[in-house]
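Undergrad: Next come a sequence and a model predicted from it.
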Number of protein chains: 2
Amino acid sequence: MAHHVVVVGGGFGGLHAVRGLRAAPVQVTLVDRRNFHLFQPLLYQVATGGLSPANIATPLRHILRRQKNCNVLLREVTGFDVQRRKVLCEGMSLSYDTLIVASGAKHSYFGNDGWEPLAPGLKTIEDATEIRRRILSAFEYAEQDLGDTDRLSPWLTFVVVGGGPTGVELAGALAEIANHTLKHEFRHIDPRRAQIMLVEAAEHVLSVYPRDLAAKAADSLHSHGVEVRTSTKLVDIQPDHVVLETNGSREELATKTVLWAAGVQASPLGKALTDATGAETDRAGRVMVQPDMSLEGHPEIFVLGDLAHCPGPDGKPLPGLAPVAMQQGSFVAQVISARLSGKTPPTFHYRDHGTMATIGRASAVAQLGGWKFSGRFAWLMWLFIHLMELVQFQNRVLVFVQWGWNYITRNRSARLITGGPAEPASSETDYPSQEVESPA
Amino acid sequence: MAHHVVVVGGGFGGLHAVRGLRAAPVQVTLVDRRNFHLFQPLLYQVATGGLSPANIATPLRHILRRQKNCNVLLREVTGFDVQRRKVLCEGMSLSYDTLIVASGAKHSYFGNDGWEPLAPGLKTIEDATEIRRRILSAFEYAEQDLGDTDRLSPWLTFVVVGGGPTGVELAGALAEIANHTLKHEFRHIDPRRAQIMLVEAAEHVLSVYPRDLAAKAADSLHSHGVEVRTSTKLVDIQPDHVVLETNGSREELATKTVLWAAGVQASPLGKALTDATGAETDRAGRVMVQPDMSLEGHPEIFVLGDLAHCPGPDGKPLPGLAPVAMQQGSFVAQVISARLSGKTPPTFHYRDHGTMATIGRASAVAQLGGWKFSGRFAWLMWLFIHLMELVQFQNRVLVFVQWGWNYITRNRSARLITGGPAEPASSETDYPSQEVESPA
C-alpha cells in the first residue's frame, strides 16, 4: 500500500504540493469543497465585470487529469483525528500517512460580524458575483431615482474599506467602470458623478510597499478619480451610511455600497488543527509552523499558505501571497519525497520576487528585486506576469483575448446582474418618460 | 412631448422593436427585469459548461447605448392599466402611448408544478448554472460512491425530458461531456459508463422537422451514445427515480438527474394583459393577436414573440423561435412609424429561413428553404449562422475563440460548480485511499 498523502485545499499551496508529488512513490488525495482552483489575484476583475468566473477558475480534476497518483475529492473537511490519522469530512473520513493542510484564509470583520451582509468581502466566486451585482445595481437604482438628489447620492457613492492591494485594485476598477465603461449607457444620471472612496486606517495605502511606491499608487488613484482617505477608521456600517473617524472627528457618509477589503483571518480548519494537536495560532488564527512547515510534535502534518504563520528572514511572518503558498507547497512535496527515499530534507528559503498591484487602465506599481516601477510599464509587466501564470497553469488563452478586447473597447463584457432579481429601489412614483437628455 | 413607446421585455422580439424605432419620432422605454439580453439558442452551452454566462448575455444598456431615444429601465412589470394607459411595476408606473409586450415564455410542467425542483428547465442564466451544477455534481457523487453499484448507477443516469431542439441539444452535449470532456478526470468511475436517455412522448424526436431529418437526428444521437426513447411518457418524477410509460407498460428508472425540455407556456404577463383587455389566450397561455400583432379593440397594444399566438400561412401558430420574434419586432416598429407619419402600415409575412438543431461535436440537422442537411456540414452551417448572429448583434468574438478552443481540445472550460457547496452524497464510510487504477 502506497504512502497516502492527503492534501486539504486546492489553492496555490495545495495544488503545488500535489504537483510536486507527481513522481513520488505516494498516493495523493486532494480534498476541496469546490471543484475548481481559483486564480484569486484576478478575482477583483470578476467583481467588476471584466472577466467571467470561468476565466479564472479551472476544474481541479482537469488540472490534475494526467497525474495518475492523485485523486480529487469534492468534500468539505470538518476536522481531524490526529491520533488515528484521519481527516474528518461530513459522512466520511480519510486515513492519511502524511497530511498537508492548505485551506487558506477568509475575510475578517475584526469582531463586527454583523457587517458582513452590508459589506461583502472578496474571497470566492460567489463573493465576486455578489459584489458585481451590487455595483451594477447601484447605478440602475440611481437611474430610477432621478430628480431626487438625496436619494441619488447614496447610490452613486462607493466605499472600499482597506487600502491593501485588493482595495486599491477594486477602487481603481470602480473608477474605470464609472468614468469609462458606463459612459453613454444611462439617460438620467452621469455615471462619472459617482464618488469612489478608499478608506484606510493606516497612514498610507499599500503599507507593505516602499513609501515612494505607495505614494505613487495614491497619486494614480487620485488621478483616476478615487478619493483616498488614509488615517481614517471605519467605525460603523449601516444599510444606508457608514461612519468614518479621522483624527478623532466623526463623519457620516451616505452610501448604499460598501466593499470590504480590510483584513483576513485563517480558515476555521486552523483552529480544528490546533485543537487536535495543541499547536499554537497567532492573532489572525494562523497556525505556528516549524521551519519545515510541519507542526511541533507532528512531523507528519504540514500547514502552508495563508493558513500558516511562517517567519520570514526578518522575523515577521511571510505575507499571504500566492508565491509564498506556491513555494511552500513545492517545498513540502520535496520534504515528503526526501523522507520516503531516506535523503536529507531541504530547508525552506522564501525567494521574494517582488509584489505588484494594479490601479486601473494602464497603471500599476511594482517592486521586483531591488527595482521599483510604476505607471504604464508596471501595468504591462503586471499583465504579462499574470497572464504567463494563468497560461502556464491553466491554458487560459481566453483571458488574454478578453483583456485585449476590454482594453481596446474600454468595455467590460461580463456585466451581468445575476443571483436574484433586482429589488425595487423607490417608492410609488410615475416614471417620467419624457426626459431624453442626459444630465451631463 | 414625444410619442412614448413602452416595450416590455428585452428578448429578441422586444430588442428588435426598440432598434426598429431608432429613427422614429418617439421616445422608447425598454423595461426588463434583467439587465441583459440573453442569446437563448446557446443557453444549453452554458448548462453544459461550454460557454460562460457572459458569453451569451450582453447588457441591454450596452446594446442600446447609442440609441438616444431609448431609456432602459430595470424593473419587473406586474400588470397593466389599459384605460389609463399605464404599465404597472412594483412601486412605479409608466405611461405609454403605444405598448409592446414581449415578455416571452417560461417552461411548463403541464400542471405538475411539483416537478420543477426535481427537473429544472432551461430558460434563464440561473437555470443554466443550476443544470450545470447538477450534471457536474452527479459525476462527483458517483466518484464518491465507488464500490456500491446500486448507489453509483442513479448518479450516472441522466434523463432529458422532451425531444425538441433543446432536449436534443442537451442530450447531445451530455454525451459529449461523458464520453470526451471528463475522460481521464476520474479515478474510481468511468464517465463513459453514464447512461443518457432522451424521453419523448411523440413518435419522433424533432417532430416539427421533416421525418427523414428527424430520423437522421435520432441516428446521430444514438451513435453519440444517447438512448432515444420515443412514444414514451413521463408519468412521475421522484428525487431518486422517474416512472416512464411506453405502450401502456410502466417502468421505473433510477436517476438523480432529470432535465426538463418538454414544454413552455406564455409568461404570466399574458394573463395580466388579457384580464385588462378581454383578449383571448390559447391553451399555452399565448395571447391571440390581430394580423398586425395588435390586440382587438386596442390598436395601441402589440404582443409579439413567444407571448403571441400569431397564425402562420398554414393556419397553425408561428413557432416560438428567435427569427419569428425578431421579424415581428421589426414589423411592429414599422407599423408604429407608419401610423405616426400617416402612411399605410405594412402587412406581416413571416419569412421562414429554416430551422436547425445541433446534436453534438460536428453533428447537426438543418432545413433551410427547401434544402435539408445533416452531419458535419449542417453543424458547420449551424455554427456559422449562430456566430454571425452573435457577432453582428453583440460583438461576441470571444465565443468564436472559445468554441474553436473547445473543439480542438474537447475541453469545456466553464465547468464550475457554483451556487452553494455540494451536499454530501453518501453515509458514513471510510474513503478507500488505495485505489489507484481506474475501473475502466
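TA: Here it is on my side, so go on.
Undergrad: element containing A:Asp352?
TA: A:Asp352 is located outside every helix and strand, with elements delineated by DSSP states H and E.
Undergrad: Would you mind measuring from the closest residue to it other than its chain neighbours to A:Phe36?
TA: Nearest residue to A:Asp352, sequence neighbours excluded (C-beta to C-beta, 6 or more residues apart in numbering or on different chains): A:Pro323, at 7.9 Å. Where C-beta positions appear, they are placed from N, C-alpha and C, glycine not excepted. Taking C-beta to C-beta, to the nearest Å as the measure, A:Pro323 falls 21 Å from A:Phe36.
Undergrad: on that earlier part again, shouldn't the residue nearest to A:Asp352 be in contact with A:His353?
TA: Yes - with contacts counted by C-beta atoms under 8 Å, A:Pro323 reaches A:His353, the gap being 6.1 Å.
Undergrad: quick one: which of those two has more around it?
TA: Per other C-beta atoms under 10 Å in any protein chain shown, whichever of A:Pro323 and A:His353 has more neighbours is A:Pro323, with 17 against 13.
Undergrad: right, and the secondary structure at that one would be what?
TA: helix (DSSP: H, G, I helix; E, B strand; the rest coil).
Undergrad: per-residue confidence at it?
TA: At A:Pro323, the model reports a pLDDT of 90.
Undergrad: again with A:His62
TA: pLDDT at A:His62 comes out at 88.
Undergrad: cool, and the one 3 residues further on?
TA: Residue-level confidence at A:Arg65 comes out at 89, pLDDT.
Undergrad: List phi and psi for A:Ala308.
TA: phi -100, psi 140 (degrees, to the nearest 10).
Undergrad: Near it, how many other residues are there?
TA: With other C-beta under 10 Å as criterion, A:Ala308 counts 26.
Undergrad: same deal with the one 10 residues further on?
TA: Using other C-beta under 10 Å, A:Leu318 has 22 neighbouring residues.
Undergrad: Wait, it touches A:Gly312, no?
TA: Yes - the pair A:Leu318 and A:Gly312 passes the contact test of C-beta under 8 Å, sitting 4.6 Å apart.
Undergrad: Overlap of the contact sets of those two?
TA: A:Tyr350 (C-beta atoms under 8 Å, 6 or more residues apart in numbering or on different chains).
Undergrad: residues near A:Glu116, how many?
TA: A:Glu116, neighbours per other C-beta under 10 Å, totals 14.
Undergrad: Quick check: closest non-adjacent residue to it.
TA: Nearest one to A:Glu116, counting by C-beta to C-beta, 6+ apart, is A:Tyr109 at 5.9 Å.
Undergrad: Using the three-state scheme, assign that neighbour.
TA: coil.
Undergrad: my guess is it contacts A:Trp115, does it?
TA: Yes - assessed by C-beta under 8 Å, A:Tyr109 is found in contact with A:Trp115 at 4.8 Å.
Undergrad: Name all residues that sit in contact with the two at the same time.
TA: The contact lists of A:Tyr109 and A:Trp115 share A:Trp260, where a contact means C-beta under 8 Å, 6+ apart.
Undergrad: Comparing those two, which residue is more hemmed in?
TA: A:Trp115 (21 against 18).
Undergrad: so what's the backbone phi/psi at that one?
TA: Torsion angles, degrees, to the nearest 10, at A:Trp115: phi -80, psi -20.
Undergrad: what's the answer for the one 5 residues further on, then?
TA: A:Pro120 adopts backbone torsions of phi -60, psi 140, taken as degrees, to the nearest 10.
Undergrad: That one contacts A:Thr129, doesn't it?
TA: No - counting by C-beta under 8 Å, A:Pro120 stays clear of A:Thr129, with 10.2 Å between them.
Undergrad: low-scoring stretches of the stretch 51-200 of chain A, by residue?
TA: A:146-148 (pLDDT under 70).
Undergrad: would you list every one of the strands in it?
TA: A:57-59, A:70-74, A:77-81, A:86-89, A:92-95, A:98-101, A:105-107, A:157-161, A:195-199 (DSSP state E, counting those that start in this stretch).
Undergrad: The first one close to chain B?
TA: Read that as strand A:57-59. Yes - applying C-beta under 8 Å from any C-beta of the partner chain, one finds strand A:57-59 in contact with chain B at A:57-59.
Undergrad: Report the contact partners of the residue in the stretch 301-440 of chain A that chain B sits nearest to.
TA: Closest residue of the stretch 301-440 of chain A to chain B, C-beta to the nearest C-beta: A:Ala414 (3.7 Å). Residues near A:Ala414 by C-beta under 8 Å, 6+ apart: A:46, A:49-52, A:132, B:52-54.
Undergrad: out of the residues you listed, what pair is the most spread apart?
TA: A:Gly50 and B:Pro53 (14.5 Å; C-beta to C-beta).
Undergrad: before we move on, the earlier item: now the residue of the stretch 301-440 of chain A closest to chain B, what's its secondary structure?
TA: Assigned with three-state DSSP, A:Ala414 falls in the coil class.
Undergrad: pLDDT score assigned to it?
TA: 75.
Undergrad: tell me which element A:His204 falls in.
TA: Here A:His204 is assigned to no helix or strand, by DSSP H and E.
Undergrad: so it touches A:Val228, yeah?
TA: No - using C-beta under 8 Å, A:His204 makes no contact with A:Val228, being 9.4 Å away.
Undergrad: Pull up the overlap in contacts between these two.
TA: A:163, A:218.
Undergrad: Compare these two and say which one has the larger neighbour count.
TA: Per other C-beta under 10 Å, whichever of A:His204 and A:Val228 has more neighbours is A:Val228, with 22 against 18.
Undergrad: Show me what from the stretch 151-300 of chain A comes close to chain B.
TA: A:182, A:184-188.
Undergrad: Please produce a PyMOL select command covering the buried subset of the residues you listed.
TA: Selecting only the buried entries of those in PyMOL, with 16 or more other C-beta atoms under 10 Å in any protein chain shown as the criterion:
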select buried, chain A and resi 182+185+186+187+188
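Undergrad: Can you tell me which of the residues of the stretch 151-300 of chain A next to chain B end up in helices?
TA: Among these, no residue falls in helices (DSSP state H).
Undergrad: Give me the distance between A:Tyr96 and A:Asp81.
TA: For A:Tyr96 relative to A:Asp81 (C-beta to C-beta), the value is 10 Å.
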